Structure formats: structure tokens, C-alpha cells
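Turn this into a structure:
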Amino acid sequence: MERLMGPTSPMRLVRLAILAFVLAGAIVFVRVAPIWLAVITPRWLIRGVSIGFLWALLGAYVAAVPVALASCVCGFIAVRRAWIRRDQGALRGAMRGLLLASSCVLGLIMMEAASAVRLRLLMQIAELPTQFPERARSPSRSAALDDLYLVVVGESSARGDPYHPWLSVGQIVGWQLEQVFPGRKIRVDVRAEGGLCLEQAVLLLTKLKERPDAIIVFAGHNEFQTRYGWSRNVRHYVDEGPESPLALIELIRSSSAAGRLILETLDRYRGETPAPARVTRELVDHPTCSPRERAFLLDDFTRRLTALAAYCNRIGATPILIAPASNVGAFEPSRSILDASAAAHERAGFALEFQAARAAESNDSEAAIAAYRRLLARHPEFAESHYRLAGLLADAGSWDEAWQQYILARDLDALPLRCPTDFLEAVRTVARRQDALLIDGPGLLAQLSPHGILDDRLFHDAQHLNLAGYVALAQEILDQLGRRKAFGWPASAPIPRIDLATCARHFELDAAKWATICERSSSFYGRTAYVRFDPSERLNVASRYDEAGRDLAAGRPVQAGRPLSLKMPVPVLDPAD
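Model prediction:
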């Protein structure tokens, strides 16, 4: 053994022990450090470092491709020359250089292949459990008295923001079903998180341990903002040629799987980054995604929603799809763009005309309406013109046309924070084809709003309903379940009618909770104010929510001018009640 290993000295044993200790410490650090650092490191710092690393990685990758290819060519030329000269020393050096360059090219090829596989896997629909154990049941208990298990998946609206965790659509439905089935336990499992798109929301079902009786799906607002950050631009206008930095990003995204994977990861991190508290956008802006990317998102959303509804039917759970309504009458579009053919001078001239029309709103509304109509005749794709015109038409009592203009403003928003019409139609189509219960939010809530325009009478912000809105959705779910006699609904049991004040008392919405609701609503407007060219209107709404929250927290009645979303026949409970 000594002949094979050589003499063993004490110093060698010490060195080996030190090396083993260092390696063991490194392994422990690699395993433990990420968890430990994630706990103590602020999220904004992790996000910033990640974004910086990804940009550096993208730059290094883009630089490595031509360098590696050029090195291969140069290495081949050097080998050929050394071979011709029969210079053995130069030939060995050239061969080593060519081998190194070839290895780099091979590594890049393998990286491209692995990235393509990863992108392909990301497009696949998650496999959800289909085999569940039988629920335990007492011998004396019939199947009709089994527990009812309702699962809710989706985004922040699904979990009931800004009322989370006290109240949501699913929780209201579960509370009312207790009256229909007094001998059964109703369990509501809200598997929803803020900021999720449908792709991410479905993943929360992969760990289901038992078969749900119904799955409520409430998603559609975040299909863009989750994937694309507020600052993301794509090349759009005719005068943005191949020398534009946006053109380089577009080329990388379309020609390299690895580059696309890095950019998509970068988009997700930037999507979590709030806008700075200063104006960085222009009136005439860029779209956040290309038409091709938008078409992909719609197709992906439809495909995943179809698969989820089919899954519900396969396991015997009632699919309940909520088409998400949004605040169209009191929330401005975040970005507006002109047609791609508009050159820089035309964009500048249009901006001046728009600002003149807006200045006329306060003292000559008829002139402003005429100016906006002229602007829209030239550029019907500009969302902000539709929104400003809609407001003036509503003030003049032209409700039907105002509603149409508000919808166009939402659908033409180049940074969509609200579910557009084509995504709403996808929900309706899937519900019809998959025999799912459709809770048509826009149509249902329009019946509760004066003149049919959805605004801050029913919404705390762009997406999140107030209590009256959530109760209306829950009531519609109960109505449809009752008509279907779902879950063995007793023939003698009437469909419950939800009283708004009773609902508030049941979920104990006291003054402290209402103050928190105001604080969260203000935060939404504050976070989204600077994604626009003009943050003033959203900051004003945030200020009014702050004032209402302070009044409620201090036990004072909310003053006049409070947000309309708070004007409901709901008592603010005293903590002593």
C-alpha cells in the first residue's frame, strides 16, 4: 500500500484534513447559504442583483458567440499554416487554440439546445393529480352528508384583495352553502396569490390531496404584467431602424433560445420592480409587447384555461370560471401608442394637439370633444384619446358612447393591467365548450352600476372589487349552483340571498380592517401612478384613500369626497361589538 500511495507524513495528513474540512464547509455553504441569505436580504436587493447579473450574462453571451466563432476560424487558419510549414511547435499551439475555440462553440451549441428544451418545457401544461383517496366517512353517515370541498385558484382577485385574508368570493360562497347544507361541513381552500398569471395559478393545484367538489377559477388581469415589467419596450415605430437598441434585443429574442430564456427571466424580475417615483414615460409611448407576443399570450391563456376546465370535468369537480371585470370608467390606460407608421415628427405634433385638447376640457368641453374626435379620426389606436373622450361624453350624458370609448381605451392599453375583451371572450368560449359555470363579471356588474359603466362605485382600484362587487359574483355562483341542483342541493332549499350588511358583520369588517383596505387601495394607485406619463390622477385617488383610512383608524366618519368604492350600505363595526 505504501508503494502505491507513497510515504504518509503527518503534514500530509493535516493538509488532507484541512482540504476535507474546506470542501465539507463549501458544500454546507452552497446548500444552506441561499436559504439563509434569502431570509436576511431585502427583496429589492435580491431583485436588483438578479437583474444586474442577467444583463451581464446576456452581454457576455452575445459577445461570446462572435468571439468563439471567429476564434474557430482563426484557429483553423493557424493550424493550416503550421501544417504547411511543418512547424511542429506552432502546430501544437495552434491545435490547442483550435481545440479551445471548438470547445467554446460546442458549449454554446449545448447551451442553445438546453435553453430550447427549457423553453419547450415551460410551455407544457402542468400535470395535475387525478387519483385521490376516498374521504373518510362514519358508518352512520350517508354520502349526501359528505364534506363539500371548494378550491379557488387565480390571482389577487381570487383571494379577495384588498379584503384578504378576511373575505373573498370563495369564502362568501362557502358561508352561504352552510345554510343550504346544514348537516355538511363546507371547506374553502383559497389557493390564490397576488400577481399570478393563469400559468402560475394552475401550478398551485399540483399538490391537491383530495378531490374538490368545485374549482373556482378567477384569473385574467395579470397575463401581461406578470411577464413584462412596466419599463419594457419593444421596437414599434417606422423610424426605429436596425441601429436601435430595441432592434438588437428583438434579434436576440428571435434568433437565440438561450438569449430568449435570459430575456424572459429578466422580464419576470423586472415585472416585480416598481416604477420610480418620477415621470419616466411619454404621452406617445411604446408597446410593452409585440403583436406576435400578444397573440401568443392569448393562445396560451385559452389553452391552459381549456385544459383546466377539462381537468375539472375529468375528476368530477364542477368548473366555475369567472370572467374578470375591471374598472374602465375611473382608471386611465397606462400606455398609449400611435400606429407604427407614425414618424418622430408626427408623434411630436400629435402630442401637442392632444395636450391642447386636454387643456380645453375644463373650460370648453364641446371643443375638447371635437378635438378628441379629430385626433381619433387620424389615430383610432391611441388609448388615451378614447379615455378622455369617454369622460367628457359621460359628463354630457352620452352613456352608451362613453361606455364604448372606455372599453376601447382599456383594450388599446399598450401596458395592460386589466383583462382585455379578447381574453374575456376566451373565458366565455371555454366555459361554453367545457360545460362550466360562467360568471360573466362585466355583464353581471354592469347591471349594478348606474348607466352600465363599471367604475369606482364597484372597484377599489383597476382590478379589485369592493364588497358589493364580490358579493354580486358570489350571488351569481350560488344562483347557478342552485339551478343545477349541484352537490345534491335539496329540492326544498331555496337559493340564499346575500345581504351586504349581514356579510360585513359575518366577516367582522370593523374600522381597523376598513382602514387597512383603504391603505391597500392607496398602495395600488401609488405603485401604478408612475407607469403613466401623467401620475397626477392616480396619486389623487391614492391621497383620498389615505385620508379615508386615517379617518377610519381614528374612529371618525369618512369625510365627503371619499372614494366611491366606500359608499355602500355597510356598517363599520365597532371593535367592541
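
quick one: the single longest helix found in the chain to chain centroid distance?
As assigned by DSSP state H, the longest helix anywhere in the chain is helix 43-85. Helix 43-85 sits 34 Å away from the centroid of its parent chain (Cα atoms, centre = their mean, to the nearest Å).

so which strand or helix has the residue lying closest to residue 69 once chain neighbours are set aside?
Closest residue to residue 69 in three dimensions, ignoring its sequence neighbours and counting by Cβ to Cβ, 6 or more residues apart in numbering: residue 105, at 6.6 Å. Just so you know, the C-beta spots here come from the backbone N, C-alpha and C atoms, and that holds for glycine as well. Secondary-structure assignment from DSSP states H and E places residue 105 in helix 88-123.

what's that helix packed up against?
Taking 3 or more Cβ pairs under 8 Å, 6 or more residues apart in numbering; DSSP states H and E as the contact definition, the neighbouring helices and strands of helix 88-123 are helix 43-85, helix 257-271.

Mean neighbour count, mean pLDDT and distance to residue 18 for those - can I get that in JSON lines?
Below are these laid out as JSON lines (neighbours: other Cβ atoms under 10 Å; pLDDT from 0 to 100; distance: least, Cβ to Cβ, whole Å):
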{"stretch": "helix 43-85", "mean neighbour count": "14", "mean pLDDT": "83", "distance to residue 18": "32"}
{"stretch": "helix 257-271", "mean neighbour count": "18", "mean pLDDT": "84", "distance to residue 18": "39"}
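
can you give me the strands for the stretch 351-500 of the chain?
Secondary structure of the stretch 351-500 of the chain (DSSP state E, counting those that start in this stretch): strands at 437-440.

now the helices for it?
Under the criterion DSSP state H, counting those that start in this stretch, the stretch 351-500 of the chain carries helices at the ranges 365-378, 383-395, 399-411, 421-433, 441-446, 467-484, 500-506.

Highest mean neighbour count out of those?
Burial among those, expressed as mean neighbours by mean count of other Cβ atoms under 10 Å, is greatest for helix 383-395, which shows a mean of 22.

what helices or strands is it leaning on?
Judged by 3+ Cβ pairs under 8 Å, 6+ apart, the packing partners of helix 383-395 are helix 344-360, helix 365-378, helix 399-411.

In the first one, which residues are buried?
The reference is to helix 344-360. Residues of helix 344-360 classed as buried under the neighbour-count rule (16 or more other Cβ atoms under 10 Å) are 346, 347, 350, 354, 357, 358, 360.

for the stretch 1-150 of the chain, what are the low-confidence residue spans?
Within the stretch 1-150 of the chain, the segments meeting pLDDT under 70 span 1-9, 12-13, 16, 25-44, 135-145.

What of the chain?
Filtered on pLDDT under 70, the chain yields the residue ranges 1-9, 12-13, 16, 25-44, 135-145, 560-561, 573-577.

To which secondary structure element type does residue 216 belong?
The three-state label for residue 216, taken from DSSP: H, G, I helix; E, B strand; the rest coil, comes out as strand.

quick one: it from residue 464, how far?
In this structure, residue 216 and residue 464 are 16 Å apart, going by Cβ to Cβ, to the nearest Å.

what's the answer for residue 153, then?
Separation of residue 153 from residue 464 (Cβ to Cβ): 17 Å.

I'd guessed the residue nearest to residue 69 sits against residue 67; true?
No: contact between residue 105 and residue 67 fails when scored by Cβ atoms under 8 Å: they sit 10.1 Å apart.

okay, the helices and strands packed on helix 88-123 in TSV with distance to residue 506 next?
Formatted as TSV, the helices and strands packed on helix 88-123 follow (distance: least, Cβ to Cβ, whole Å):
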stretch	distance to residue 506
helix 43-85	35
helix 257-271	36
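
give me the number of residues near residue 285?
Other residues near residue 285 number 23, with proximity taken as other Cβ atoms under 10 Å.

can you check residue 110 too?
Here the neighbour count serves as a burial measure; for residue 110 (other Cβ under 10 Å) it reads 11.

of the helices and strands packed on helix 88-123, which approaches residue 409 most closely?
Between residue 409 and the helices and strands packed on helix 88-123, the shortest separation by Cβ to Cβ is 22.7 Å, and it involves helix 257-271.
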